[in-house]
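Asker: Fold the following and give me the result.
(2 chains)
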Amino acid sequence: MNWLSLNVLVFSPLIMTLILLTPMFSGHHILIRRISKGFASLHFVYTLLFLVFFNNDLTLNYETSLKLFDFDWLNSLGITLSMGLDGISLLFVILSSFIILIATIASKGIIKSKQSLYYALIFIVETAILGVFCAQDMFEFFMFWELELIPMYFLIGLWGEESTAKKSAMKFLLYTFFGSLFMLCGFLMLYNFNFISTNELTANMNLIGFNYDNVPFYLQVFASILMLIGFAVKMPIIPLHTWLPDAHTDAPAPVSIILAGLLLKMGAYGIIRFNIQILPDAFLMMVPYLVVFAFINIVFASIVAYYQTDVKKIIAYSSISVMGIILLGLCSLNFVGISGAIFLMIAHAVISAGLFFIVGIIYRRTGTREILQLGGLAKVMPRLAGFTLVFIAASIGIPGLIVFVGEFLVFFGAFISTIWNTYLIQIISLLSITVLIFSACYALKLLHGVFYGNLLERWKKVNDILNHELVVLLTLSVVAVLFGIMPMTILNMIKLNVQNILMAFGG
Amino acid sequence: MSFFAENLYTIILIPFWVSLLFAIGKLFGLIKSKKIVGILTLLSTFYALVFSVGTFVLTIIEKNYILEQTVPFLQLNRFIFDIGIYIDGLSAWMILLVSIVSLLVQIYSYFYMYSDNSFIRFFIFMNLFNASMFGLILSPNMFQIYVFWELVGLCSYLLIGFWYQKNEVSVAAKRAFIINRVGDFSLLSGIILSAYVILTNLNNTLNVSIPFSNISTISAQIYGCTSDGIFILICLLILLGAMAKSAQLPLHTWLIDAMQGPTPVSALIHSATMVAAGVYLIIRLYPLFSLNPIVLQIISVVGITTALVCSYSALTQVDMKKILAYSTNAQLGLMFLAVGACSTTIAMFHLTAHAIIKAMLFLVVGVVAVSLNHNQDIRNAGGLRKQLPICAITFLIGILSLSGILFAGFSSKELIFGDLIDGKHYIYLSLFLIVSFMTAYYLFRMYFYIFEGKNKFDFEIKEPHFVLNLSVSVFALIVILLWFVLPKSNNVLFAMISHLIAAFAVFTAYLTYSQKKLLKKIPILYDLSINAMYFDGVYHFITKSYKRFSKFLYIIDKYIFDGIVYFCTLNTKMISWFLSKIQTGSVQAYLAYSIFILMMSFGGIMLVYSLIMYFSEVQ
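Answerer: Here you go, the predicted model:
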């Protein structure tokens, strides 16, 4: 399958950026939007083709190494720009392309100025995210990881809805960059470990790893913690989360979709790839502490979400809570828990995209996101209320919708985890199930605050959803229902890879 | 006949598809005709009725008929979570009951809701509820029970909040859902805990979802390999789930809130079917619970306490639907008592009798409230016997039955009574009789207020649609027929005691009705009853504390977690401010700095050097 090239997949959005920035499109707003949407949909179809010809075994699919960057000095350091896909990364690649497509469609009507720059930046972000998920080399991973920061900074700062947008964007940039530095230190340590134990310079993620006999264990743990800080900022894990509510709130709706749908998942993906896969022993040692962090994430964020009155803040805090559940699943270190965590990442991307889009719709029509100023909108926007109901129900884990499967598997997996003999993880996983109650509290506060109750006089003329909004919401809810009923389609895709990851922990 | 049983899964799917069809039709504005909605709904429910009758007959003909059909829903290595259907005598009976009540209520609600603007939305939710309820009853294992447990809870919430424009409806729906969620949390924990026990101690991965087909073996295994504490914990967690759904103490207040929903919903979901699901679950898991007598004791105590508290609260209420809601609570409590102290069959008889009677009473109240322009206060009614004769007769049949005087309710109460005597549960027995007294009292009080005396309103009563009367009458007919179907113990003692107590209760009720202030003479007792033992106050307090707690955590989040970040940025700012102040631009200052730094560094080097020398000499 030569025409299925990962280079094309990853770098075509970058080429699209260059095309969009040429002067020939300046001023043609509608044309720019249509070309972007068209490209995003083509790109999505192209990623789906990767799924069609995917060999679901343990080999890396579609491996490439880009010759463009084939310098001697890089090669001599063992750094290559190589890419490949396994089941997990393919899943995230498809998700990324899908969410970007949703975001470009959702941008209509929300983004009114500097359209060519906006879409160009979106596509740079897409390249960066796809690069992270395809990368097979540590430094390549790091490069793509950092590449996404700058366009994201501008996307939040320039098109942000609030006066504080620039500040939030700066906070996001510095905070994430601060985390990445630790991550880079961790990568360098790994690189060094590998050289010490094998006497070979390589940064390839498949060649390095597992256990270094010559390297003291505490150094391995130290490297693991350094990398974890980088991932924890992005994921985010409390107390490194404070950039998230600000950035999510101030970003325009499509950018919030990308933030919650994809950027947070990069952190969890990094934990799987580096902490679990490359330094399993060190991760095993950290699990008891991480579980406590996961618990704090789950419960703390979901209780704080209840106090918020800004709809977007509620969703932002709920994202933190869900990422805590994902961390709990990763910590369980068994097949059920990790599969559940990965499933939940997909589920949360779809659901949070839907919810942020809905908030965007409401904000566009009413100019406010304060629950206290809204209310009774179901009367004028019955179709939107119906869709919101589906997403809210999904987000609180109603069975038959996508999130339930992930949450159930994580809680079950964490409870039956046999990694150590202590009761800690069992008690914590039982206590974490209380999130069912807390999530119902904040989710219903959102739903009732916006759609139930009396309709205020000034919202009487608000109109219901438009066609492009209908398309987005319908697609997302179909996905939410479909994979809620047939979860095995996703779980089968990642089965072998998860098993492979767990080999290091003895099955 | 086995055709019906083998294709019984379609009765879960068809209402679901109908609901989806309506939802899509409403989304794109394709469905305009209310007739089509009504016909499709009724057809799907009638289809369910036909199939459940067929299955029921099959289970009657073939004793011990059991059918299990499953497909894997989640399959992860060794763990398999199946979904499917499981038919035995119990589920066939329950499914028949639900489809009968559902069909009649849906016929009723077609006319009751006809003029409502959100007619289609109502039937979307109703069909979704039907599908979920059938799925819950036919569950082959605990996993599927949980799945549909949440779905019926969702449907109930949606239907309680059906008239969402009213603020009190919105609050009621929210509260109902969150209290139910407490039960869901508990049920899920219980399921996971028992799955863990099965997995680690027995290494039996096939049974992690606790299939009902060999529940007795699995229960014995769980009992065998756990300590008493863990076993009781598992049972209590599952039991709490059942208690939340069946509105038992202390999670019972949501059922009173649920009365904000449309009356057909109260009749179908909040009296006959969904609230009985908790009892159904306990009956299903009876082999598990019965292994430890303490668990059975707890079930009985919860049941009888709920019955007492809720009957007592019903004594002074003036809202028609609230009286019936408290009565539902109390009767569900009696079912719990029947499971705990008598037998599952008797509980099932009482469940059946109560479901039919209570659905009928709610439907009558619906007609009455509509005639009174949606006024549900019993003090505003009066003398309706002449205007609404069919309602009066059917209501009388219902309350005679529920008070244990005649018909279906008599038989089921007689069975409970007989079994309590046989089991020598004299404390439960005496409390049971007190509950019976209160039941008869508040029901007849309600009857006198609504149907006897003179009209207390000055407008013309509209004649209700004849179909409303018809469906109510069919219910009344079933109540009478059930009397002949249900087994009788011909306990003369019970007949005497029951009639005596009921007669006394009716007399007292009449006295209250005519004198108006019997209980008001003892203010403490009156206040306790009218405020329903102040449970709402407790919940209000919990909500308030939760709000405060979340505010507290938010402050921690803002001023500690985020505060540290701001502190760091502040530091950077101060350093940069200091450094920028140094850059004055005058050469003299720079010269002074450089001389200063040169001297400092020279001094420093000297200091370090001498220290090194000193320590090396010391060594």
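
Asker: contacts, neighbours, all on C-alpha from now
Answerer: Fine.

Asker: Write out the residues of chain B neighbouring chain A.
Answerer: Contacts of chain B with chain A, taken as CA under 8 Å from any CA of the partner chain, map to B:27, B:73-77, B:147-148, B:150-151, B:154, B:164-167, B:170, B:174, B:177-178, B:181-182, B:184-185, B:189, B:192-193, B:196, B:547, B:550-551, B:553-554, B:557, B:561-562.

Asker: and B:F73, which of the three is it?
Answerer: strand (DSSP: H, G, I helix; E, B strand; the rest coil).

Asker: Just to check, it is in contact with B:D82?
Answerer: Yes - with contact defined as CA atoms under 8 Å, B:F73 counts as touching B:D82 (5.2 Å).

Asker: which of the two has more neighbours?
Answerer: Set B:F73 next to B:D82 and count neighbours by other CA atoms under 10 Å in any protein chain shown: B:D82 wins out with 22 against 17.

Asker: Surely that one and B:L74 touch.
Answerer: Yes - assessed by CA under 8 Å, B:D82 is found in contact with B:L74 at 6.9 Å.

Asker: are any of the residues of chain B next to chain A buried, and which?
Answerer: Among the residues of chain B next to chain A, those classed as buried by 16 or more other CA atoms under 10 Å in any protein chain shown are B:27, B:73-74, B:76, B:147-148, B:150-151, B:154, B:164-166, B:170, B:174, B:177-178, B:181-182, B:184-185, B:189, B:192-193, B:196, B:547, B:550-551, B:553-554, B:557, B:561-562.

Asker: In strands only, show me those.
Answerer: If you go by DSSP state E, those have B:73-74, B:76 in strands.

Asker: Among these, which one sits closest to B:T316?
Answerer: Checking those against B:T316 by CA to CA gives B:F73 as the nearest, at 49.6 Å.

Asker: Retrieve the pLDDT associated with the closest one.
Answerer: pLDDT recorded at B:F73 is 90.

Asker: Name all residues that make contact with it.
Answerer: By CA atoms under 8 Å, 6 or more residues apart in numbering or on different chains, the residues touching B:F73 are A:486-488, B:80-83.

Asker: Apply 10 Å and report the result again.
Answerer: A:405, A:485-488, B:80-84, B:144 (CA atoms under 10 Å, 6 or more residues apart in numbering or on different chains).

Asker: got it, and B:Y534?
Answerer: Going by CA under 10 Å, 6+ apart, B:Y534 touches B:313, B:527-528, B:540.

Asker: Just to be sure, it is in a helix?
Answerer: Yes - judged by three-state DSSP, B:Y534 forms part of a helix.

Asker: Tell me, what's the model's pLDDT at it?
Answerer: 85.

Asker: Quick check: it vs B:I61, distance?
Answerer: To B:I61, B:Y534 is 51 Å away according to CA to CA, to the nearest Å.

Asker: One more: B:I346?
Answerer: Counting by CA to CA, the gap from B:I346 to B:I61 is 21 Å.

Asker: Equivalent analysis for B:L384, please.
Answerer: Using CA to CA, we find B:L384 at a distance of 46 Å from B:I61.

Asker: Any stretches of the stretch 201-350 of chain B with poor pLDDT?
Answerer: Filtered on pLDDT under 70, the stretch 201-350 of chain B yields the residue ranges B:203-206.

Asker: which stretches of it form helices?
Answerer: Ranges of helices in the stretch 201-350 of chain B, per DSSP state H, counting those that start in this stretch, are B:215-225, B:228-245, B:253-257, B:263-267, B:277-284, B:286-289, B:293-314, B:320-341, B:344-371.

Asker: Nearest to A:L66, out of these?
Answerer: Comparing those by CA to CA, helix B:228-245 comes nearest, at 57.2 Å.

Asker: re the thing from before, which of the residues of chain B next to chain A fall within helices?
Answerer: Those of those mapping onto helices are B:27, B:147-148, B:150-151, B:154, B:167, B:170, B:174, B:177-178, B:181-182, B:184-185, B:189, B:192-193, B:196, B:547, B:550-551, B:553-554, B:562, per DSSP state H.

Asker: residue contacts, the residue of the stretch 351-500 of chain A found nearest chain B?
Answerer: Closest residue of the stretch 351-500 of chain A to chain B, CA to the nearest CA: A:G453 (4.2 Å). A:G453 makes contact with A:374-379, B:163-171, according to CA under 10 Å, 6+ apart.

Asker: Would you list the phi and psi of it?
Answerer: Taking degrees, to the nearest 10, you get phi 90, psi -170 for the backbone angles of A:G453.

Asker: and it, what pLDDT?
Answerer: So A:G453 comes in at 87 (pLDDT).

Asker: and what of A:Q136?
Answerer: At A:Q136, the model reports a pLDDT of 89.

Asker: Tell me the one of the contacts of A:G453 nearest A:E161?
Answerer: A:L374 (17.9 Å).

Asker: circling back: and B:I346 and B:I61? Which one has more around it.
Answerer: B:I346 (21 against 11).

Asker: Provide a list of residues in contact with that one.
Answerer: B:335, B:338-339, B:352, B:411-416, B:419, B:487.

Asker: Now flag whichever of these is closest to A:V52.
Answerer: Once CA to CA is applied, the member of the contacts of B:I346 that ends up nearest A:V52 is B:T352, at 53.7 Å.

Asker: Where does the nearest residue to that closest one once chain neighbours are set aside fall, secondary structure wise?
Answerer: Computed as CA to CA, 6 or more residues apart in numbering or on different chains, the closest residue to B:T352 that is not its neighbour in sequence is B:L97, at 6.9 Å. Assessed by DSSP states H and E, B:L97 sits inside helix B:89-112.

Asker: what helices or strands is that helix leaning on?
Answerer: The contact analysis (3 or more CA pairs under 10 Å, 6 or more residues apart in numbering or on different chains; DSSP states H and E) places helix B:89-112 against helix B:34-61, strand B:79-87, helix B:119-137, helix B:263-267, helix B:277-284, helix B:344-371, helix B:466-485.

Asker: cutoff 6 Å now
Answerer: Judged by 3 or more CA pairs under 6 Å, 6 or more residues apart in numbering or on different chains; DSSP states H and E, helix B:89-112 is in contact with helix B:34-61.

Asker: The helix-or-strand element of chain B with minimal mean pLDDT: how far from the chain's middle?
Answerer: The weakest-scoring helix or strand in chain B, judged by mean pLDDT, DSSP states H and E, is helix B:523-530 (a mean of 78). A distance of 27 Å separates the centroid of the chain from that of helix B:523-530, by CA atoms, centre = their mean, to the nearest Å.

Asker: and that helix with helix B:293-314, angle?
Answerer: Counting by axes from the mean of the first three to the mean of the last three CA atoms, to 10 degrees, helix B:523-530 points 110 degrees away from the direction of helix B:293-314.

Asker: and helix B:523-530, which residues are buried?
Answerer: For helix B:523-530, using 16+ other CA under 10 Å, the buried residues are B:526-527, B:529-530.

Asker: which ones are touching B:A325?
Answerer: B:I256 (CA atoms under 6 Å, 6 or more residues apart in numbering or on different chains).

Asker: quick one: the residue of chain B found nearest chain A from A:K379, how far?
Answerer: At 4.2 Å from chain A, B:Q165 is the closest residue in chain B, using CA to the nearest CA. Computed with CA to CA, the distance linking B:Q165 and A:K379 is 8 Å.

Asker: Now do the buried residues in stretch A:448-467.
Answerer: Result for stretch A:448-467 [16+ other CA under 10 Å]: buried residues A:448-455, A:459, A:464-465.
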